[in-house]
Each structure stands twice: as structure tokens, then as C-alpha cells.
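**Q** based on what follows, work out the 3D shape:
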Amino acid sequence: MDKYWFTYDDIHRTVRDLAGRVKASGFETDAIVAIGSGGYIPARILRTYINKPIWAVGISYYDENDNPTDNPRKMQWIDEVERKLAGKRILLVDEVDDSRTTLEYCIRELLSHKPAEVAVAVLHNKRKEKRGTLPPEVTRYFTGLDIEDRWVKYPWDAVDIDEQDANAAAARTRA
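**A** Presented below is the predicted three-dimensional model:
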């Protein structure tokens, strides 16, 4: 199976461009909500360009063998959610929009706490039919890159970062 191999440099550049699109849209967020674990690093880089606080939520859709489960589940959530989210403009960040199931689940949880607005930003959107949907309350959807439906190898998942970078370089030469 072909895979996408990304380096930290690739991710940083993609987030920089994504931040530019968010700013150009006129969306003014009050806070960034990072979906863990994949959204943590993109959200932190995004904060460099959009200087707003980051709140983290843990949503799990895959098991320990990277197989999707039937439904996403909350692993951790924002303390005092109602006070922090009510009336706020939220930018929800994740690394990849694959099946859209995790995004939909998290958005619906956020909406139950009455934010003023919810927008979504993902590093990579897989061009494929999605199982989940974005609720109509989502005002904007930003992507860093639209990619084909292949497994993505992110640098933060690498045990050997040199091997990750070498695989990314080799994949670029094959492209």
C-alpha cells in the first residue's frame, strides 16, 4: 500500500499556509480546540500564526492496532466546558479528515455547549466518501492539503525520525 510520508518541515509549511487561509477568510477564533492525539502538534504550530489559547480534547476512533472502532469515544474533555465554550468562536483542529466520524462526533459535543461559532481546520483531507458529516452549524472548513486515500505516516508517530525523513525523501523522488 502506498503511504504518504511527511516531515516536520512539511507539516510546518502546511500549517503556515492553512493559517494564511484562516486569516484571509476573516474568521476570528477565540480559541483553538485540538483533537488528540493527531491534532496537538498542528494546533500548536497554528497557535504561532493565530495567537489564541489551545484547549485539548481526546477522541479515540482507532484501537491499539490502528483499526477503526465502531464509534469514536471521549478519552478526555475540556474542564468546565460550558464556561469555556459558551458564546466562543472555536477553531477545531485535527491532522486528517479521513472518515469524518471523529470530526462529526467532536463537533456535536462542542455544539452541545453553545459556542457562538465552530470552524474546522485539518492538515489533510482525504478525497473520498465520508461516513460522517459536518453539521450545518459548522461555518467554515479549512484544509491544508487535499490528498488521495492512502495511509499517512506523520513524523510524531515515528520511532526513528531519520527513517521517517528518509522515507519522505524517497517518496518525493518517486512522485
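**Q** show me where this structure has its helices.
**A** 8-25, 40-49, 81-85, 101-111, 161-174 (DSSP state H).
**Q** could I get these in JSON lines, plus columns for mean pLDDT?
**A** Converted to JSON lines, the helices of the chain look like this (pLDDT from 0 to 100):
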{"stretch": "helix 8-25", "mean pLDDT": "98"}
{"stretch": "helix 40-49", "mean pLDDT": "97"}
{"stretch": "helix 81-85", "mean pLDDT": "71"}
{"stretch": "helix 101-111", "mean pLDDT": "91"}
{"stretch": "helix 161-174", "mean pLDDT": "95"}
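**Q** identify the residues contacting residue 122.
**A** By Cβ atoms under 8 Å, 6 or more residues apart in numbering, the residues touching residue 122 are 93-97, 103, 142-144. In short, each C-beta sits where N, CA and C put it, glycine included.
**Q** next one: phi and psi at residue 100?
**A** phi 70, psi 0 (degrees, to the nearest 10).
**Q** looks like it contacts residue 134 (just checking).
**A** Yes: assessed by Cβ atoms under 8 Å, residue 100 is found in contact with residue 134 at 7.1 Å.
**Q** between the two, tell me which one has more neighbours.
**A** A direct count of neighbours by other Cβ atoms under 10 Å for residue 100 and residue 134 places residue 100 higher, at 20 against 15.
**Q** distance of that one relative to residue 8?
**A** 26 Å (Cβ to Cβ, to the nearest Å).
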